[in-house]
Every structure is written in structure tokens, then in C-alpha cells.
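**Student:** Give me a 3D structure for the following:
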Amino acid sequence: MTSLIAQYVADVRELDQYLAGRPVTLTGRSLTLPQIAAIALYPPAPSSVFPAPLNSATYAPSLQLTSSHELREKVAASRAVIDGKVAAGISIYGVSTGFGGSADTRTDDPLSLGAALLQHQQAGVILPSSASTSLRGIGPMPLTDPTHGSTMPAPWTRAAMLVRANSLMRGHSGIRWSLVEKMVECIQKGMVPVVPLRGTISASGDLSPLSYVAGMLIGNPAIRVWVLTPPSSFSPSLPPASLPSMTVTGPVPTRPSLAVSPPSSPYLTGLNDASRSTSGPTSPVSSSRSVSPISLSTPASSLDSEDDGTKSFLLDDKYQPTSQPLMTTAEAIPASHALRATGTVPLPLASKEHLGIVNGTAFSAGLAALVVRNSETIGVLSAALTALAVEAMIGARGSFDPFVGEARPHVGQIEAAHLIHELLSGSQLAVDKEEEVKIEEDDGVLRQDRYSLRTAPQWLGPQFEELKKAKQTVRVEVNSTTDNPLVEPPKTKGGEGKIHHAGNFQALAMTVTMDHLRLALAQIGRLMFVQLTEIMNPAMNRGLPGNLAGGEAALDFGGKGIDIAAASYAGELNGLGGMNVGVGVVSAEMHNQSLNSLALISARYTLTAVEVTELLAASHLYILCQALDLRAIYTEMRARTRDVLRAVLLDTFGDAFANPEDLNDVVRKVAPSILDDLDHTTSVPLRPRMERAARAALVPLLEVLATCSSSSPTLSFDKIAQFKEALAHKLEALLTELRCAYMDLTLDEICPPSSPRSALFNIPPMGAAPASRFLAPRTRLLYEFVRLELGIPMFGRDNLRGTVYGMRPQDRMVHQDTEAELEEAGLGKSLDTTPGDKVAMIVEAIRDGRIARVITKMCDGVDV
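**Tutor:** Numbering: from 1, shown residues only. Now for the predicted structure:
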């Protein structure tokens, strides 16, 4: 089987092709996860019925049915079997009998029977009800978001409609080809029935949710529909209160540009607007955007080919949070109105077709496809984050050496180790080759990395295998026939077909897949959480400040809040991962459905796990970028400390070093004591910290000077004090100037006017991505995406200069002037946005596909 890495890269590129204009063709046997994502997550392109708005965005590709005459003939032959048996008065389940535990009833009116099927299945609860508009606004506010708390997001339903159409066209369901055509027509026109979130046990398929799709096709006014198109195109004969209300803002893309950087769609990013309908359910999407479309914010710089992958990102294309929703909430309207407004003719259903629509696993399989797709990103991203963590912790690349996998050849472990090993190639921070030392030369630190780094391939390997298995299982399901009864067309022309009463509707394959995938996500989240917490801890992070504070520890607690939030995400994932939906079934429907899969419920919980893991991954990436910047400062500080020590020694004890080798020997023996003290005093204020480091140099210095091969220097308490004071002063200046260079500050900004300073080292500004030069060419891409493309800077700058809101004198004053201009926070403004907002930007980049493109670039040429 192809590696997860290769599959992932292929999937991302396939989706881009569809967003660039390649049509999706349904064949009944070749539906892919990227195809489902392209149709489900994006609105249909405008047509003559619905012209494009002034500000356009990415649309779903065109959807077409295969031109295969053989397949159409197979569908017709399957339908002929039903027609023939009905005409002959033969009793067929679901055509002349009741359903499930009521299959002991009989009728010769199959159309009325089908209508009764839809009627009893449309029992899901949708709030607010269409009959309660006069009471809207009376009573307490709801505890959950009323726009989506009881309805499925539109992408779930669009995915289900696509999967069901693909299944019905296989020729095993006894339906007409025109039914498949009508379903595809509704998908193309952006018609989405409002479907209850709960109420299916996914046993005889997802009966209830699919009954709402059937209700839309026949134009049942009791079924409400969202139409994902501009309002200006609706027929003026419709009542104004029933019209969808949408506005779109944003730049107008050009079709050629889509091949490089498909822009974002307003669909999903603004449909959960605060506005409320007066005629029923109001939101076709959930507040989650875990399956949201790809954003316009991915510049070509993250996609262009570069030999070393080091092309810098465009600084003028930084992500900017939208100031208003890209699209307002679309109001639901009766299905009859939606069909008329879109110029769609209702389709009266024939015998068996009612059952043919509802008796399948399309909702479970459709949502599972979207969940697996997003989980795939999390899996590969976790390996990329591990590589960044190895660099930030000065870890060993050797932990991922191919020999380790050869000794324990689990496929997933080999793939994960190979990816991390390749991502670290060329890093200046990761230890590429461990040097062997004598016991007496060993300084007593850990001889190997901690488990969160060293055993990452062994931890991620089973999850990689689970992701591949989940993808394969879902791919089979969405290209299967899940009806009952199944209709086998005659094998020869004029032959007799067969009716098979079986149970392909039992969706336990989806339940087990989702249960296992949810556990895999929890395991991935556990790895990320442990890496995050260890890198925040000064007792474990090899010399970095506690909380990764960029400023002084007393007034800068860095990522402490994110650390706490990450613990909540990990805790929630523990609960979700340990939940086994598949074993919690209860008997239903007169004990006929005594075994029921609850597949859609499991998929919903797994989507929640995906969302939580995305929060954790974004938090981890945010923290890692800070850690890498601090590691770069740490690396430069260590290198320059030796130069500072050399200069102070010459200034103070110049007469002792006639032989240059003696000076080198002193630096070599004294510097480790200074550096070791700096590693263990990150929480100490700057000046006392440097005084301690200077004191740490005294004992080894005196020992070396006492045995100096040149003439012994003249030692006095004054000279020792002079050395200590000069060294502390210069080390303080060095770290201060490094902080300024890395955080784009001047000395005047951080020094009070009463104590001005002049630069001693003249360190030039390091730019917006100061750690780049230390990173491997592949990992650099992800770091630069955060720093340059999203524009998220290293944090600590405001703490150093005292501009955190509440630190400034003006923030502590009572403002009386109601006419004064109010200050706004944001990236690049005088008042920064919150750490949580910055993490949210990364979450959005994960969910809308921008990070997927960066990962794809990182993985170019990496395969097992």
C-alpha cells in the first residue's frame, strides 16, 4: 500500500485540481475523498439562474454523471426488475410490505406506501420549529447556538447527497436514472435540505436524514431547504420573508489563479452569522469550520518550487482577520419554494424509490469521508511538529535513523520515522551525529532525548496505519450499494433478475472506523500535548525560559495560558478517545433493529475530536515557533558569550596571555560554567542573572590562571571585581540587544529615559522570521508560514517595552471623553491582539487548507 505521506500529498493536489476547474464525474465506483470535499465544502458555481455576485470566491467543481451507456442500461435493467414484479403482483419488501418490524403488513399501493415511509421517518427535531415563529424571542436565551444546535451543517448533507447518488447509480437499487439526475441537479444548484442533527441509529442506513433529502426532491412544503446562492435571483413571486439573505465580500479571483492558489469561499466562513431567521432554522453550517474551504491567503511563495525549499514568503500577503462575515446566514425556505426559485421540477417518486433513497449509509459515510480527510492532515502535521520540536529542543536526528525501523519493521513506524528524518535534513539545531565521549568527559546530562521526541515514530506509526485503514474503508463504503432489498439485474438480455433481502445498510464498518480513528486522534493529541508541556518547562527544555517568555520572567508569562488550554484539549481528547460508540447500541423499532451501528453518532464525535486536535496542533505550532526563536537567541547568546569572555579576559588580565593558546584554554574551561548557569537561571531578573553568571566564572577562572603556562597574572581583589562587573555588564547588554534584534525593538523603547543605553554589539535586526537560518529547509517552510504569511510575530515584545494593555498609564485612567477615537487591537498595531487570537489564526489555516499546502511542499520527494 502507498505510504500515508504519498497518499496525503496526492489528495491535497487532487483537491486543488477540482478547485481549479476539473469536473467531478460520478461513475458509481471511483468516488474519492477529495471529490467529496470539493463538492461538499464549496457552493456551486453561479448559473443563469443565479448570476455571480460582484465579489466572487471559490466554487465547487461541476458535477456530472458518467456517459457510460453500459451503466445506464444496468440501472434501467434493475428498474425493470421492480416494474415487472410490481406488474405481476409479486410481493416485495418495501414495495408491497411495511417496513422493519411492520413488514407483516401488505398493500398494493406502492406510491402511498413510499409516502408513508417518508412521513414516519421525518421525525427528527429541528429547532426552532417552523410553527413557533410567533413565540420567537419569548423566554430565556438558549444554552446552545440556536442556528445549528439541532441541524446538520450543509457540508454533511451535500456529502451525503453525493455519496447517495453515487450509490444509486450502481444499478442495484431498482430506481430510475432520472432520480440520480435530479439529485445531482439539486447538488449543482446548491439546494440543501435542513436535516436534524440527531435521530438516526445508522442501522437500516441513515433512514431519517435521507428522508429529508427525498422530501426536498418531491417538493414537500414541510421540508425546509437552504439555497446556497445570491438572493437577487429568486423569483419575485416568493414571499420576501422566505428568501435567503446572503452578502459576499472579498477580492475577486481569476480562474487561472486557482491552479496555484485556490481562493477562499464565503461558504462556511460566514454562514453562521448572528442574524436569525423568522421562518425556521437559520444556519446551514455549524460554528465549526473543521471542514471549511481553502483560503485565498496562501501566496504562491508557499507553493513555488525551490531547490532547497527556502523561498521566503510574501510579506505583503499577511493574513488579516475579516472585519465582517463573508456571508450572512441563509434562511431556510419550504422545499416547494426552493424548487421553484431554482427552476427545478419536482420529481414524483416511483415504487421502491422512496426506500431506495433512504435505505443507505450516505450520511455516515459522507461525514466519515470529511472527517478522515481532516484527520489525515492532523496525522502528517503531527510528524512535522515533531521535527520542529526536535529542533527547538536540540534533539537527535538519529532517533529516526532507518536502521531503527529495520530492526522493528512496522510499516507506520517506518513511514513516520522516515518523514521526520527527512524533514530534519540540513538542520543546524538538530544533532545529526552524536559524539562519543569518555565517561570522565560526560557532563552528566541526559544521554538521549525524552520519550516525546525519541519514541515519536513508534507512537505515530500505529496512528499512520489507522489513518490509511480508515481511508480505505471509507473509500470502499462510498463506492458501495447499501440498500435493502438489493436488485440484481438479469445477467442476459431477457433474463430474470433477482431480489436479495440482506443487510448492506448496517453501517458498523463506519462505526468501527470512526471509533478507532477517534482513539488515534487522542493518541496524536497526547504526543503533541507532552511535547508542548516539556518545551514550556525550564527543567526540561534545555536552557529556554520558563513559559517561553520573550521578556523578563517577572512580567512575562509567555505561553502559560496556552499550556493550560492545551491541557484542557488533551483532557477532552482523552474522554473522546476512550468512548466506544459501537458497543453502546440499544434495541430499536419493535426489536427489529436489535443491532444498530450508531455510525453517524460515532462520526459526529470523531469530528469533535478532529476539532479539538486542531486546537491542540495550532497551540503546539504557535509555541514551537516561539521556542525556535528563543533557541536561536540561545544559540547566538552561547556563541557570543565566548567572545565576550575573551574580550573581558584580555581587558582585565591581558598580561597573562602572551601565548594566545593560553587564552583559548581559559575560555574553553571557563565558558561552560557561565553557560550552565545561564541555562538554570532563566527565571531570574536580567541584571542579577548576569551577575550570577559572572560569579560562576570565578572559580574555574582562578583555577586556570593559577596553572597558566605563561607568567602568572597579578591577581587582586580589585581585578577580580573588575572582571566580574565587566563580564556581567556585557552579558546583560548582549542579551538585551539580542532581544531587541529578534523582536524588532530599539534600546530606546525598552530603556527608561532616565537610563539611556548605547549599543555595545550593534546587532542588526533579525527580521520577522529570525530562526529561519537555523532550521532545516523543509521545517523552515512551516515556521515561515506562521511568521511571514500569517504575520504572527515572536511574543514578548510588548512585555519588554511595557505596552501590554493595562501596563500603560493611559490604560489605568477612567476615560470620560465619549467622542475620543477608540483604540483597536491587531497584528502590527500599537496594541497587540491576544495569544488566543493568534492561535485561532493557525486553527483557521489548518481547517481551510493553507497548512495542508505547506505540508505538501515540505513532503515533496519524501516517500518510503
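
**Student:** secondary structure element for residue 86?
**Tutor:** Assigned by DSSP states H and E, residue 86 belongs to helix 69-87.

**Student:** contacting residues around that helix?
**Tutor:** For helix 69-87, the external contacting residues (Cβ atoms under 8 Å, 6 or more residues apart in numbering) are 27-28, 92, 95-96, 110, 169-177, 180, 351-352, 487-490, 496-499. C-beta here means a position set from N, CA and C on the backbone, and glycine is covered the same way.

**Student:** tell me the angle the following helix or strand past that helix makes with helix 69-87.
**Tutor:** Toward the C-terminus, helix 69-87 is succeeded by helix 110-121 as the next helix or strand (DSSP H and E). Calculated by axes from the mean of the first three to the mean of the last three Cα atoms, to 10 degrees, helix 110-121 forms an angle of 100 degrees with helix 69-87.

**Student:** Run through the neighbouring helices and strands of helix 110-121.
**Tutor:** helix 207-218, helix 353-358 (3 or more Cβ pairs under 8 Å, 6 or more residues apart in numbering; DSSP states H and E).

**Student:** any residues touching the first one, and which ones?
**Tutor:** This means helix 207-218. By Cβ under 8 Å, 6+ apart, helix 207-218 touches 117-118, 121-124, 152, 157, 160-161, 164, 179, 182-183, 186, 191, 193-196, 199-200, 222-223, 225, 335, 338-339, 346-349, 354, 357-360, 362-363, 600.

**Student:** Packing partners of whichever helix or strand comes after that helix?
**Tutor:** With elements assigned by DSSP H and E, the helix or strand that comes after helix 207-218 is strand 224-227. Using 3+ Cβ pairs under 8 Å, 6+ apart as the contact test, the elements touching strand 224-227 are strand 191-193, strand 333-334, helix 335-341.

**Student:** Just the CA atoms of strand 224-227, as CSV, please.
**Tutor:** Extracted in CSV, the C-alpha atoms of strand 224-227 (Å, rounded to 0.1, in the frame of the first residue of the first chain):
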residue,chain,number,x,y,z
ARG,A,224,-37.2,23.3,4.6
VAL,A,225,-34.2,24.0,2.3
TRP,A,226,-31.2,26.2,2.2
VAL,A,227,-30.3,27.6,-1.3
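
**Student:** Provide the strand pairings for it, with the direction of each partner.
**Tutor:** With DSSP bridges as the test, strand 224-227 is paired with strand 191-193 (antiparallel), strand 333-334 (antiparallel).

**Student:** mean pLDDT lowest for which of those?
**Tutor:** Lowest mean pLDDT within these: strand 333-334, a mean of 92.

**Student:** still on that earlier bit, and the strands paired with strand 224-227, which is most packed in?
**Tutor:** When the strands paired with strand 224-227 are scored by mean count of other Cβ atoms under 10 Å, the highest mean neighbour count falls to strand 191-193 (a mean of 28).

**Student:** Please spell out the ChimeraX selection for the buried subset of the contacts of helix 69-87.
**Tutor:** Selecting only the buried entries of the contacts of helix 69-87 in ChimeraX, with 16 or more other Cβ atoms under 10 Å as the criterion:
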select :28,92,95,96,110,169,170,171,172,173,174,175,176,177,180,351,352,487,488,489,497,499
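
**Student:** Mind checking which of the contacts of helix 69-87 are in strands?
**Tutor:** Residues of those located in strands (DSSP state E): 487, 488, 498, 499.

**Student:** Surely the second one touches residue 496?
**Tutor:** Which is residue 488. No - counting by Cβ atoms under 8 Å, residue 488 sits too far from residue 496 to count as a contact (9.8 Å).

**Student:** ok so, going back, residue 469: which of the helices and strands packed on strand 224-227 is closest?
**Tutor:** Judged by Cβ to Cβ, the one of the helices and strands packed on strand 224-227 that comes nearest to residue 469 is strand 191-193, at 30.9 Å.

**Student:** neighbouring contacts of the closest one?
**Tutor:** Counting by Cβ under 8 Å, 6+ apart, 154, 157-158, 212-213, 215-216, 223-228, 284, 335, 338-339, 342, 344 sit against strand 191-193.

**Student:** try stretch 458-466
**Tutor:** By Cβ under 8 Å, 6+ apart, the residues outside stretch 458-466 that reach it are 4, 379, 382-383, 386, 408, 410-417, 516-517, 519-520, 523-524, 527.

**Student:** how about low-confidence regions in the chain?
**Tutor:** For the chain, applying pLDDT under 70 flags the ranges 47-57, 130-139, 146-148, 229-330, 440-442, 444, 708-715, 811, 814-820, 864.

**Student:** ok, residue 500 to residue 486 distance?
**Tutor:** When distance is defined by Cβ to Cβ, to the nearest Å, residue 500 is 4 Å away from residue 486.

**Student:** go on, residue 608?
**Tutor:** Residue 608 is 34 Å from residue 486, by Cβ to Cβ.

**Student:** do residue 44 as well
**Tutor:** As for residue 44, its distance to residue 486 is 32 Å (criterion: Cβ to Cβ).

**Student:** thinking again about what came up before, just put the ones in strands among the contacts of helix 69-87 in TSV and tack on distance to residue 463.
**Tutor:** Listed next are those as TSV, based on distance: Cβ to Cβ, whole Å:
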residue	distance to residue 463
487	40
488	40
498	43
499	43
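
**Student:** Among the helices and strands packed on strand 224-227, which comes closest to residue 737?
**Tutor:** The minimum distance between residue 737 and these falls on strand 191-193, with 58.4 Å, by Cβ to Cβ.

**Student:** quick check: angle from the top helix by length along the chain to helix 207-218?
**Tutor:** Among the segments of the chain that qualify as a helix by DSSP state H, the longest is helix 599-653. Counting by the same axes, to 10 degrees, helix 599-653 lies at 100 degrees to helix 207-218.

**Student:** which strands and helices sit next to helix 599-653?
**Tutor:** helix 362-392, helix 508-536, helix 560-577, helix 660-679, helix 717-742, helix 777-784, helix 835-847.

**Student:** Distance from the chain centre to the fifth one, please.
**Tutor:** In terms of Cα atoms, centre = their mean, to the nearest Å, the centre of helix 717-742 is set 45 Å apart from its chain centre.

**Student:** continuing past it, what's the next helix or strand?
**Tutor:** Once the chain leaves helix 717-742, the next helix or strand it forms, by DSSP H and E, is helix 747-750.

**Student:** can you check the fourth one too?
**Tutor:** Sequence-wise, the next helix or strand beyond helix 660-679 is helix 686-696, with elements assigned using DSSP H and E.

**Student:** on contacts alone, who are the packing partners of that next one?
**Tutor:** Packed against helix 686-696 by the contact rule (3+ Cβ pairs under 8 Å, 6+ apart) you find helix 660-679, helix 717-742.

**Student:** closest one to residue 588 among the helices and strands packed on helix 599-653?
**Tutor:** Taking Cβ to Cβ, helix 508-536 is the member of those nearest to residue 588, at 14.6 Å.

**Student:** got the angle for the closest one vs helix 599-653?
**Tutor:** Angle of helix 508-536 versus helix 599-653, following the same axes, to 10 degrees, is 20 degrees.
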